[in-house]
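Engineer: just coords:
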């Protein structure tokens, strides 16, 4: 049944800005657990679900996404029948209120209309979860609904998911409204920005939203249409993270160091594909002490690493201590440096700043290419 659907990987809403990291790349290109990029998760979900025609939308700083996705061969997409296509929006102002998902879809409407599949599955490039879209599509078709949304029920919405939408449901799992999460209650149904509908319905929504207001997003127009159309919700089970703030990115990454939580996301029968990098194994010296951490290949470690995520080819010198932190690829941490509750971006060189500390709820961010 999934063969009758094509996939769309949507770009983050222009109201979402992840401090620091977002200045250099879109959220889909963020490093995740040292080895992956965030966009690997939605594309892998689609590939594993048998969807092999995928549109990836990029609205800002496209280079890192284009380099990583490439031809899509590493996502196990059938090269004869399948294709990953990068689609761009001409609106170059990343924070413009007009640079939204509907604008991007409208600019590429002819490509959407030419797709021969009957259904479309839209998933975000800024959320991490595992979902069989065949099940979601089958549930949508059997329900007879116009639109089906994927949602996740959380009990920490006051603290996290601040930039997400929430949905209000009736007893039949019908969607009554879509609202912004204002942090007013812990228990909320978080909209996972994942939608299933017929291609014709999708095209009509794009056209209606464009006609009503050039500021409307897909969530906005569906919220309006809840009163006119049959909009249902499908509950997601398992690990779910929305990486729409620096705090959410840090919290989601760190909780996956827990093996039990990570094993809920990573399954042998549901591989997460990524572009592999050939490099030598990580070298641990006699002075190295590493506990409860993800360490990528190509690193050189002489210091102490505890409860942290270390990206590719990171150098940690003797006497350095990394605790509860994320160190991205190619960073160099010199002797005697203590880093705790921090995110160190790629190619940063920490020399003289001997004590860098943030809070678990508000991590310290060190800029890319910075020397401290």
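Structural biologist: In hand now; what should we look at? This is a predicted model, so every value here is computed, not measured.

Engineer: most remote residue from this protein's center?
Structural biologist: residue 286 (37.2 Å; CA atoms, centre = their mean).

Engineer: That one sits in which helix or strand?
Structural biologist: For residue 286, there is no enclosing helix or strand under DSSP states H and E.

Engineer: per-residue confidence at the closest residue to residue 187 other than its chain neighbours?
Structural biologist: Excluding the flanking residues, the one nearest residue 187 by CB to CB, 6 or more residues apart in numbering is residue 155, at 5.2 Å. In short, each C-beta sits where N, CA and C put it, glycine included. The model reports residue 155 with a pLDDT of 92.

Engineer: next one: residue 96
Structural biologist: Residue 96 is assigned 68 on the pLDDT scale.

Engineer: got it, and the one 10 residues further on?
Structural biologist: As summarised for this prediction, residue 106 has a pLDDT of 90.

Engineer: Low-confidence ranges, the chain, go.
Structural biologist: Residues of the chain meeting the criterion pLDDT under 70: 1-3, 78-80, 90-96.

Engineer: need the contact list for the residue sitting nearest the centre point of it.
Structural biologist: Centroid-nearest residue in the chain: residue 126, 2.5 Å away (criterion: CA atoms, centre = their mean). By CB atoms under 8 Å, 6 or more residues apart in numbering, the contact set of residue 126 is 11-12, 16, 27-28, 38, 193, 242-244.

Engineer: now these as a markdown table including neighbour count, distance to residue 331 and secondary structure?
Structural biologist: Shown next, in a markdown table, are the contacts of residue 126 (neighbours: other CB atoms under 10 Å; distance: CB to CB, whole Å; DSSP: H, G, I helix; E, B strand; the rest coil):
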| residue | neighbour count | distance to residue 331 | secondary structure |
| --- | --- | --- | --- |
| 11 | 27 | 27 | coil |
| 12 | 24 | 25 | coil |
| 16 | 17 | 25 | coil |
| 27 | 24 | 20 | helix |
| 28 | 27 | 21 | helix |
| 38 | 24 | 19 | coil |
| 193 | 25 | 31 | strand |
| 242 | 28 | 26 | strand |
| 243 | 26 | 20 | coil |
| 244 | 26 | 24 | coil |
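
Engineer: domain parsing for this protein?
Structural biologist: 2-265, 283-366 (automatic domain parsing).

Engineer: what distance separates the start and the end of stretch 180-197?
Structural biologist: End-to-end distance for stretch 180-197: 22 Å, by CA to CA, to the nearest Å.

Engineer: Centre of the chain to it, how far?
Structural biologist: Distance, stretch centre to chain centre, for stretch 180-197: 15 Å (CA atoms, centre = their mean, to the nearest Å).

Engineer: go on, stretch 169-177?
Structural biologist: Distance, centroid of stretch 169-177 to centroid of chain: 26 Å (CA atoms, centre = their mean).

Engineer: Make 129 the starting number, not 1.
Structural biologist: All set: I'll call the first residue 129, so the last point we hit is now stretch 297-305.

Engineer: got the buried residues for it?
Structural biologist: In terms of neighbour count (16 or more other CB atoms under 10 Å), stretch 297-305 has its buried residues at 297, 301, 303.

Engineer: Mark which of the residues you listed are part of helices, please.
Structural biologist: Applying DSSP state H to those, no entry is found in helices.

Engineer: Redo these as TSV? Include distance to residue 361.
Structural biologist: Shown next, in TSV, are the buried residues of stretch 297-305 (distance: CB to CB, whole Å):
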residue	distance to residue 361
297	6
301	5
303	5
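
Engineer: can you list contacts of the top helix by length along the chain?
Structural biologist: Once the chain is assigned using DSSP H, the helix that runs over the most residues is helix 327-340. Here helix 327-340 makes contact (CB under 8 Å, 6+ apart) with 134, 230, 233-234, 237, 240-241, 243, 245-248, 250, 274-275, 325, 344-346, 348-350, 352-353, 357.

Engineer: ok, 7 Å please
Structural biologist: The contact list for helix 327-340 (CB atoms under 7 Å, 6 or more residues apart in numbering) reads 230, 233-234, 237, 240-241, 243, 245-248, 274-275, 344, 346, 348-350.

Engineer: Narrow these to just the buried residues.
Structural biologist: Buried members of these, scored by 16+ other CB under 10 Å, are 230, 233-234, 240, 243, 245, 247-248, 274-275, 344, 346, 348-350.

Engineer: Tell me which two of the contacts of residue 254 sit farthest apart.
Structural biologist: 139 and 370 (14.4 Å; CB to CB).

Engineer: quick one on the thing from earlier: from the contacts of residue 254, which is closest to residue 183?
Structural biologist: Nearest to residue 183 among those, with distances taken as CB to CB, is residue 139, at 11.0 Å.

Engineer: give the contact list for the closest one.
Structural biologist: Residue 139 makes contact with 154, 185-187, 229, 232, 253, according to CB under 7 Å, 6+ apart.

Engineer: Okay, and which of these map to helices?
Structural biologist: 229, 232.

Engineer: where's residue 181 relative to residue 329, distance?
Structural biologist: 18 Å (CB to CB, to the nearest Å).

Engineer: Which residue of these two possesses the greater neighbour count?
Structural biologist: residue 181 (20 against 17; other CB atoms under 10 Å).

Engineer: still on that earlier bit, format the contacts of residue 139 as JSON lines; extra columns: distance to residue 491 and neighbour count.
Structural biologist: Formatted as JSON lines, those follow (distance: CB to CB, whole Å; neighbours: other CB atoms under 10 Å):
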{"residue": "154", "distance to residue 491": "20", "neighbour count": "25"}
{"residue": "185", "distance to residue 491": "29", "neighbour count": "24"}
{"residue": "186", "distance to residue 491": "27", "neighbour count": "23"}
{"residue": "187", "distance to residue 491": "26", "neighbour count": "25"}
{"residue": "229", "distance to residue 491": "29", "neighbour count": "26"}
{"residue": "232", "distance to residue 491": "31", "neighbour count": "22"}
{"residue": "253", "distance to residue 491": "22", "neighbour count": "26"}
